[in-house]
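Asks: Structure of the sequence below:
(4 chains)
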Protein chains: 2
Amino acid sequence: MGRKRLQESADGRPTVHTVAARAGVSIASASRVLNGVGGSPETVRKVRAAAAEVGYVPNAIARSLQSQRTGLVALAVEDIGNPVYVAMMRAIEAVVASSGRQLVVHATGGRIDNETALLRRLANRYVDGMIISPIRVTDDHLGALVGSPVPVVVIGQLGADAPVDNVRTDSRRGVALAVDHLLATGRRRIGFVNGPLDTVPGAARDAGFRAALARHGIHLDENLVEVGDFQYAAGRAAAVQLLARASPDALLCANDLIAVGALHALLAAGRRVPEDVALVGMDDTELAQMMFPQLSSVSLGSAERGRRAAELLLQRIADPTLPPRREQVPPSLAVRASSGATLPAARPSADPLDGPRAPTPTHPSSEGVTA
Amino acid sequence: MGRKRLQESADGRPTVHTVAARAGVSIASASRVLNGVGGSPETVRKVRAAAAEVGYVPNAIARSLQSQRTGLVALAVEDIGNPVYVAMMRAIEAVVASSGRQLVVHATGGRIDNETALLRRLANRYVDGMIISPIRVTDDHLGALVGSPVPVVVIGQLGADAPVDNVRTDSRRGVALAVDHLLATGRRRIGFVNGPLDTVPGAARDAGFRAALARHGIHLDENLVEVGDFQYAAGRAAAVQLLARASPDALLCANDLIAVGALHALLAAGRRVPEDVALVGMDDTELAQMMFPQLSSVSLGSAERGRRAAELLLQRIADPTLPPRREQVPPSLAVRASSGATLPAARPSADPLDGPRAPTPTHPSSEGVTA
DNA sequence: CAGACTCCCGGAAACGTTTACAGCGATCGG
DNA sequence: CCGATCGCTGTAAACGTTTCCGGGAGTCTG
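Replies: Got it, this is the predicted structure:
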């Protein structure tokens, strides 16, 4: 003996048919009442009662199929443990929520197949739009992006001709800010702990670091460069290596997680920060300010990038015919205690970099100064 | 002039009808080929070609409506910036992925209306199941939980009679472990920085702390207790307050974020950790090990709780008729440098707590020891 | 060569909702 | 008092997919 046809769903849950039948009205009337449009007082009463009795809860999937929208926006990031994405997420969430939608987050874990699979899966209409911040970009990616049935906005560097909405920063320039600051405060042997060179940010930071040194006419000692991944453990290990084979008086780290790892290694090795070694991170996450001493960090405007990306996405959802747009958020440098002290031997050098300079407080301050 | 009926979707994208028409076959055949079941070689070729030509991508919503499953599992947490949830998420993700599903995360931001709204929205079939870790639980919550059309597993304390799958820990006992450890290493004036008392974990930790002191016959100086929220800034501020009006020789913090804030305040005030003040956090997140000195922390088995919750959820998705189950993960204490030193004045006291004791290394060690 | 079996195909019915449309009685204006 | 208007209702057609089922062609077996 089966359930009554057209009365309840396959798993026995009530549908609008159930409610309508119980209330003695048509499904159209039931639906109208449940959506709060129309209906005579009597009908409203009956339908409400029936819905409550059977514990009706609408099937959002069916509704979405009909209405062609889900009210969801997805954010796909590499590593949800990285506070930089937390900052982005909060900014995005605020914008998305203001449009009455909800944000869902997915961590891709850097597995590239996972990322394209995600695009194909979530993007296939499960969400109204999606923001993705990949650290590696392949042709496969791009194909999936442009072929996506739902609007996609990319945060991060992308090929110049990619016809995709894109919000980026200039991390090369960000690295330059940090290098200039360190040189200006008298540091001469600047170590550099980077992430993988086959990632977009890793490559950009490497290029930026070399260019900045070259601009100052400084020869780069390769012993001062270490590459790991973008995690804490790698930063700590890299700093240990680096200290063992060279004697940096400053350390620039490709993100704050690495910098925190390096800080641990430095303190554990008995080096004082910033007196012996100055330390600068990147991303300017809340983590940087949690440390003692607080870490100087290059802000790549993650919250701002998130906010702008969300706005671009909402605009495109509203009007999918918009041409691809690209926005750029300028980097800035937050100088804090970890690089605040000017070395005694510091002699100011000519400044070949156009644009504003970071102030160089003589004493470590616990407040960040943005250059 | 409208689009051809039954050929492409409302927004002009190809549907299975488009592909079928182009390939000169029925939609049934097209669907079969696209799903890789059946079809003559010739049909397969034609359909594949047609699909490629028009750039067909299946509509997952429609598919889900038909198949009654979405392949998605949701995790709803309070604050995605808290590393304890990152650990949970990773554990859950691993289990969920092994079942061929994808995990999506949603941050509720602690806004309670948001949380129930989320339940009503995501749970209404957008996902196959959901794991939620609320810090405040109201009757409204419970109602939404039991009335949910999709399986729900709750991580955290819940009313004893709530008919919902539940994975919990015993945070009162966790607090006791920390208090015992601190007392055993000679600390006598233990400060306590807690989160809001109207949250489930806040209340439990408060009760646990008072009970533990009472069990040792120690009078609690209320000046040693401070309440904020579960964030870094609150922990830092609370520690400042606490140092100003009392002189603790140890600080127990309700989670690691608070503990990191307290560490900052202590170091900034010139106190040595652990020599002057021992510090113990809770949740044993990766953050605890990132600090220098590394923080002792009460592990509440977050990864394990996540793993178990995911398993419970998958079981329930497979068989929704299962009775509600409840699992408990025991807390343990990871002793690290921040509380490693035994005070000179320490005199071992009788141990009124049954169960294992934390070892008390005489020197701070950088490796955690789990009691 | 008849029958059974296999394989492939197309028509059509779901899945659960929203909504265009038409019908109906009651109200209102002239 | 009659026709137009209005509010409410129910029927049915979507949304895009999967899948049951029946039919037709071809192959194998006895």
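
Asks: Near DNA strand C, which residues of chain A are found?
Replies: Contact residues (CB under 7 Å from any atom of the strand) of chain A with DNA strand C: A:5-6, A:9-11, A:13, A:15-17, A:27-28, A:31-32, A:34-35, A:56, A:58-59, A:62-63, A:65-67. For the C-beta atoms, the positions are set from N, CA and C on the backbone; glycine is no exception.

Asks: Go ahead and build a PyMOL selection from the buried members of these.
Replies: Of the residues of chain A next to DNA strand C, the buried ones can be selected in PyMOL as follows, counting by 16 or more other CB atoms under 10 Å in any protein chain shown:
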select buried, chain A and resi 9+15+16+17+31+32+34+56+58+59+62+63+65
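
Asks: Next, count neighbours for A:Ile155.
Replies: 28 (other CB atoms under 10 Å in any protein chain shown).

Asks: quick one, what contacts it?
Replies: Listed by CB atoms under 8 Å, 6 or more residues apart in numbering or on different chains, the contact partners of A:Ile155 are A:Met88, A:Ile131, A:Ile132, A:Ser133, A:Asn166, A:Val167, A:Arg168, A:Arg305, A:Gly306, A:Ala309.

Asks: quick one: A:Glu304 and B:Val240, what's the gap?
Replies: Look at A:Glu304 and B:Val240: by CB to CB, to the nearest Å, they are 31 Å apart.

Asks: returning to what we had before: which of the contacts of A:Ile155 fall within helices?
Replies: Using DSSP state H, A:Met88, A:Arg305, A:Gly306, A:Ala309 are the members of these that sit in helices.

Asks: now, among those residues, which is nearest to DNA strand D?
Replies: Nearest to DNA strand D among the ones in helices among the contacts of A:Ile155 is A:Ala309, at 26.9 Å by CB to the nearest atom of the strand.

Asks: give me the element the nearest residue to A:His219 once chain neighbours are set aside is part of.
Replies: With CB to CB, 6 or more residues apart in numbering or on different chains as the criterion, A:His219 has its nearest non-adjacent residue at 7.7 Å, and that residue is A:Leu213. Taking DSSP states H and E as the criterion, A:Leu213 maps to helix A:200-215.

Asks: Please name the strands paired to the helix or strand just after that helix in the sheet, noting orientation.
Replies: As assigned by DSSP H and E, the chain's next helix or strand after helix A:200-215 is strand A:225-227. Here strand A:225-227 has these sheet partners by DSSP bridges: strand A:190-194 (parallel).

Asks: Would you mind measuring from A:Gly208 to A:Val175?
Replies: Taking CB to CB, one finds A:Gly208 at 3 Å from A:Val175.

Asks: Same drill for the two, tell me which one is more crowded.
Replies: Using other CB under 10 Å, the more surrounded residue of A:Gly208 and A:Val175 is A:Val175, with 28 against 25.

Asks: Any regions of the stretch 201-350 of chain A where pLDDT drops low?
Replies: The model of the stretch 201-350 of chain A has pLDDT under 70 over residues A:341-350.

Asks: which SS class is A:Gly38?
Replies: In three-state terms, and counting by DSSP: H, G, I helix; E, B strand; the rest coil, A:Gly38 is coil.

Asks: per-residue confidence at the closest residue in space to it that isn't next to it in sequence?
Replies: Closest residue to A:Gly38 apart from its sequence neighbours, by CB to CB, 6+ apart: A:Arg32 at 4.7 Å. Note on A:Arg32: pLDDT of 96.
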